[in-house]
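Novice: Predicted structure and sequence below. I'll ask about it afterward.
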Amino acid sequence: MIIKNNLSNAEYHDHEAISNSLITKILKSPAHAKAYLDGFKETTPAMAFGSAFHSCVLEPEKFNEDYAVFEGDKRKKEDKARFEEMVASGKTIITADDFNTITNMATAINDHDIARALLANGLPEQSVFWTDKITGMECKCRPDWWDNDTLVDLKTTDDASPSGFARSVATYGYHTQAAHYMAGTGASRFVFIAVEKKPPYAIGVYVLDDVALDEGWRKVVHAIGYWKACCEIGTYPSYQDEIVTLSLPRWAITGDQE
């Protein structure tokens, strides 16, 4: 394992080692993973918001340096000129509404005893590289926060309740992320701090049970092995190469109707 604490976020993402983001793409299809590596990387408003939130909580000084709030109407000459000047400065522009939401969420974390304690010691954004023991493929991860044997990951969500966040874990593959990060760092605990994006900015703090982590690890092993095979033969399939018969999902079937 190699830890690099001086890599920028851009430098880390440019490295082609297998990340959790790439694993997520591989599990969709190798074609999607190859497109991702070739530069097709979407930045959605939700992703941009999440990045700003992470910066505000984990690196507040950097947040103040890298982000600027724009209030105004870009259709007006003076406001447009001010906006363009802010962009030219290299800062990432966020709206006043997003800034207020982000700072309110950060305050909620600071007011939450467990969340605050988890982030009291440790380091943010450490870039970790290692060689997968099964395949020999180079892997990487960049934990939000690392304190000895504990990794902490911030998640923004619409529902931080236990049942709501469990659905997010399954939907977005957070269990796969936890397994990948724990394998690379040797950490024994992966803790999620889930923060809602609307008042009262409720917080849930969670670890995954062994069943969830085992399923995550199974997916990691499958994805890395599949990716190695694709790289070796230079073929990156998408979905099936044949006609497939589909069935409706069970929720779409209402039974016999007269």
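Specialist: Thanks, I have the structure now.
Novice: Return the helix or strand of the chain at the bottom of the mean pLDDT ranking as CSV; C-alpha atoms alone will do.
Specialist: The least trusted helix or strand in the chain, going by mean pLDDT, DSSP states H and E, turns out to be helix 77-88, with a mean of 78. Extracted C-alpha coordinates of helix 77-88, given in CSV (Å, rounded to 0.1, in the frame of the first residue of the first chain):
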residue,chain,number,x,y,z
LYS,A,77,-24.2,43.8,-17.8
GLU,A,78,-22.7,44.6,-14.4
ASP,A,79,-23.7,41.2,-12.9
LYS,A,80,-22.4,39.3,-15.9
ALA,A,81,-19.1,41.1,-15.7
ARG,A,82,-18.8,40.3,-12.0
PHE,A,83,-19.6,36.6,-12.7
GLU,A,84,-17.1,36.4,-15.5
GLU,A,85,-14.4,37.9,-13.2
MET,A,86,-15.2,35.3,-10.5
VAL,A,87,-14.9,32.5,-13.1
ALA,A,88,-11.6,33.9,-14.4
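Novice: Buried residues, that helix. List them.
Specialist: F83 (16 or more other CB atoms under 10 Å). (C-beta placed from N, C-alpha, C; glycine too.)
Novice: Which neighbouring elements make contact with it?
Specialist: Judged by 3 or more CB pairs under 8 Å, 6 or more residues apart in numbering; DSSP states H and E, helix 77-88 is in contact with strand 67-70, strand 92-95.
Novice: And the ones you listed: which comes nearest F49?
Specialist: Judged by CB to CB, the one of the helices and strands packed on helix 77-88 that comes nearest to F49 is strand 92-95, at 8.1 Å.
Novice: Does that closest one pack against any helices or strands, and if so which?
Specialist: helix 45-58, strand 67-70, helix 77-88.
Novice: Adding distance to N100, write those out as a markdown table.
Specialist: Shown next, in a markdown table, are those (distance: least, CB to CB, whole Å):
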| stretch | distance to N100 |
| --- | --- |
| helix 45-58 | 11 |
| strand 67-70 | 9 |
| helix 77-88 | 18 |
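Novice: give the contact list for H32.
Specialist: By CB atoms under 8 Å, 6 or more residues apart in numbering, the contact list for H32 reads K25, I26, S238.
Novice: Can you tell me which of these lies closest to L37?
Specialist: When these are compared against L37 (criterion: CB to CB), the nearest one is K25, at 8.4 Å.
Novice: Contacts for the one helix or strand the closest one maps to, please.
Specialist: Using DSSP states H and E, K25 maps to helix 20-28. If you take CB under 8 Å, 6+ apart as the criterion, helix 20-28 is touched by 32-33, 35-37, 141, 173, 176-177, 180-181, 219-220, 222-224, 226-227.
Novice: about what we covered before: apply the buried test to the contacts of H32 and list what passes.
Specialist: Buried, going by 16+ other CB under 10 Å: K25, I26, out of the contacts of H32.
Novice: okay if I get the contacts of H32 as TSV plus distance to A212 and pLDDT?
Specialist: Converted to TSV, those look like this (distance: CB to CB, whole Å; pLDDT from 0 to 100):
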residue	distance to A212	pLDDT
K25	21	96
I26	20	97
S238	28	95
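Novice: From the contacts of H32, pick the one nearest C231.
Specialist: For these, the nearest to C231 is I26 (10.7 Å; CB to CB).
Novice: That closest one and W227, how far apart?
Specialist: Applying CB to CB, to the nearest Å, the value for I26 to W227 is 5 Å.
Novice: who touches both of these two?
Specialist: Contacts common to I26 and W227, judged by CB under 8 Å, 6+ apart, are A33.
Novice: picking that back up, now intersect the contacts of helix 20-28 with the helices, please.
Specialist: When DSSP state H is applied, those are split such that 32-33, 35-37, 176-177, 180-181, 219-220, 222-224, 226-227 fall in helices.
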